[in-house]
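*Asks:* starting from these lines, generate the structure:
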Amino acid sequence: LLAVGAYAAAKPDRSSRIHPLVNAALQANVAKVVVDGPDRSVEWLRRRLEAVASAALAERDDAGIELRMPSPNVVRAVITRELNRVGEARLLGESVAMDCCPTSMRSADGVPWAVFAIVDRGTLRILGSAVGTLDRGVEGYSLAARSALVWMFANRHAALPWTSATRRADIVLDDGGDGLGALIANYRATSAAVEFQSVTGAKRFGSLLRRYAGERIGRVLLRPSWAVGSPPAAEGDEVFTRADAAARVDREVRLHNDAHALDRPVGDAGGPPDALIDLLRFVAGGPEAVEGAA
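*Replies:* Here you go, the predicted model:
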């Protein structure tokens, strides 16, 4: 009976347990270590991460607490997760930025036309674009979303590096009463909503476009300061109808996208994430948006 009892006793728990402070040090430094060593082996990254995390822990004043690094396999797992996250972030559709900005193209009455664009952060591709005015944000973003949906529908069978899931979207939001804020609030209330943040700072217009595309999209010059008032038109300035402005934006966006070829390895996803399609359809005006735009 004693022998049976000995075998029946529970085995001691030998699972690796990381102190929360150690885990926090690893998580706080793994992204920087991976960025600083893009071509390094996982083993090199492991040693570097352990050194950086240990140095951070040594600066703490936690008397009586033994803070040890976990096993090499555990640290490698932390690094592998970060490498996978970085790789996923570079895929098409993982994160998108929606922005609008006045341009140097003016209408006949001197008002600058604004470009509305949906930019993919990972590939720097402009998924959709449209021309309008800042005071009609719902319309402008709707047309840009329809443009993105049409491109996605036309390339639904192409082998593109789509991400498996869309993580977040950001949108530059006017503080006027055009209904855009209500649209975003309604989307956030849906059950399948991704993280959708609004950008409302004083210098918001064009901030995301300039970050990912630069000060211009080809011949389309971005003029973010004109959002609060454009200078008087000079004699001889070119005047654009909305159709002419849209044609120029379409051409320059195509050239921009040609310069950012989708040459990343194809991901596991067979097409665009459902969450991205749902988001664009919501902004565009409903599930029938892509059919109507086509």
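*Asks:* neighbours of residue 221, how many?
*Replies:* Residue 221 has 13 neighbouring residues, counting by other CB atoms under 10 Å. The C-beta positions use only the backbone N, C-alpha and C, and glycine is treated the same way.
*Asks:* now do residue 237
*Replies:* Neighbours of residue 237 (other CB under 10 Å): 12.
*Asks:* for my notes, confirm it occurs in a strand.
*Replies:* No: in this structure, residue 237 is coil, not part of a strand, as judged by DSSP: H, G, I helix; E, B strand; the rest coil.
*Asks:* who touches it in this structure?
*Replies:* residue 106 (CB atoms under 8 Å, 6 or more residues apart in numbering).
*Asks:* SS state for the closest residue in space to residue 133 that isn't next to it in sequence?
*Replies:* Leaving out its chain neighbours, the residue that sits closest to residue 133 by CB to CB, 6 or more residues apart in numbering is residue 114, at 5.7 Å. The local conformation at residue 114, judged by three-state DSSP, is strand.
*Asks:* report the contact partners of residue 114.
*Replies:* Taking CB under 8 Å, 6+ apart as the test, what residue 114 contacts is 100-103, 131-134, 140.
*Asks:* now neighbour count too, for those residues, in JSON lines please.
*Replies:* JSON lines is the format used below for the contacts of residue 114 (neighbours: other CB atoms under 10 Å):
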{"residue": "100", "neighbour count": "29"}
{"residue": "101", "neighbour count": "27"}
{"residue": "102", "neighbour count": "24"}
{"residue": "103", "neighbour count": "24"}
{"residue": "131", "neighbour count": "25"}
{"residue": "132", "neighbour count": "22"}
{"residue": "133", "neighbour count": "18"}
{"residue": "134", "neighbour count": "21"}
{"residue": "140", "neighbour count": "25"}
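*Asks:* out of those, which is nearest to residue 225?
*Replies:* residue 102 (8.2 Å; CB to CB).
*Asks:* now that closest one: which helix or strand?
*Replies:* Using DSSP states H and E, residue 102 sits in strand 95-106.
*Asks:* tell me what that strand is packed against?
*Replies:* Here strand 95-106 touches strand 112-120, helix 137-154, strand 168-172, helix 207-212, strand 220-221, helix 242-259, helix 274-284, going by 3 or more CB pairs under 8 Å, 6 or more residues apart in numbering; DSSP states H and E.
*Asks:* who's in contact with the third one?
*Replies:* For strand 168-172, the surrounding residues in contact (CB under 8 Å, 6+ apart) are 95-101, 141, 180, 184, 194-199, 204-208, 279.
*Asks:* now the buried members of the residues you listed.
*Replies:* 95-101, 141, 180, 184, 194, 196, 198-199, 204-208, 279 (16 or more other CB atoms under 10 Å).
*Asks:* now do the SS call for residue 131.
*Replies:* Going by three-state DSSP: residue 131 is strand.
*Asks:* contacting residues for it?
*Replies:* 113-116, 140, 242, 245-246, 249.
*Asks:* between the residues you listed, which is nearest residue 26?
*Replies:* Residue 26 lies nearest to residue 116 out of the contacts of residue 131, by CB to CB, at 41.5 Å.
*Asks:* ok, now how distant is the residue nearest to that closest one when sequence neighbours are not counted from residue 174?
*Replies:* Counting by CB to CB, 6+ apart, residue 116 lies nearest to residue 140, which is 3.7 Å off, once chain neighbours are set aside. For residue 140, the distance to residue 174 equals 10 Å [CB to CB, to the nearest Å].
*Asks:* show me whatever sits in contact with both of the two.
*Replies:* 100, 134.
*Asks:* dump the contacts of residue 114 into a markdown table; add distance to residue 158 as well.
*Replies:* Conversion of those to a markdown table gives the following (distance: CB to CB, whole Å):
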| residue | distance to residue 158 |
| --- | --- |
| 100 | 28 |
| 101 | 29 |
| 102 | 34 |
| 103 | 30 |
| 131 | 27 |
| 132 | 29 |
| 133 | 34 |
| 134 | 34 |
| 140 | 27 |
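*Asks:* flag the least confident of those.
*Replies:* In terms of pLDDT, the weakest of those is residue 134, which scores 90.
*Asks:* was I right about that residue contacting residue 100?
*Replies:* Yes: between residue 134 and residue 100 there is a contact under CB atoms under 8 Å: 6.2 Å.
*Asks:* which residues do the two both contact?
*Replies:* With CB under 8 Å, 6+ apart as the test, residue 134 and residue 100 both reach 114, 140, 174, 205.
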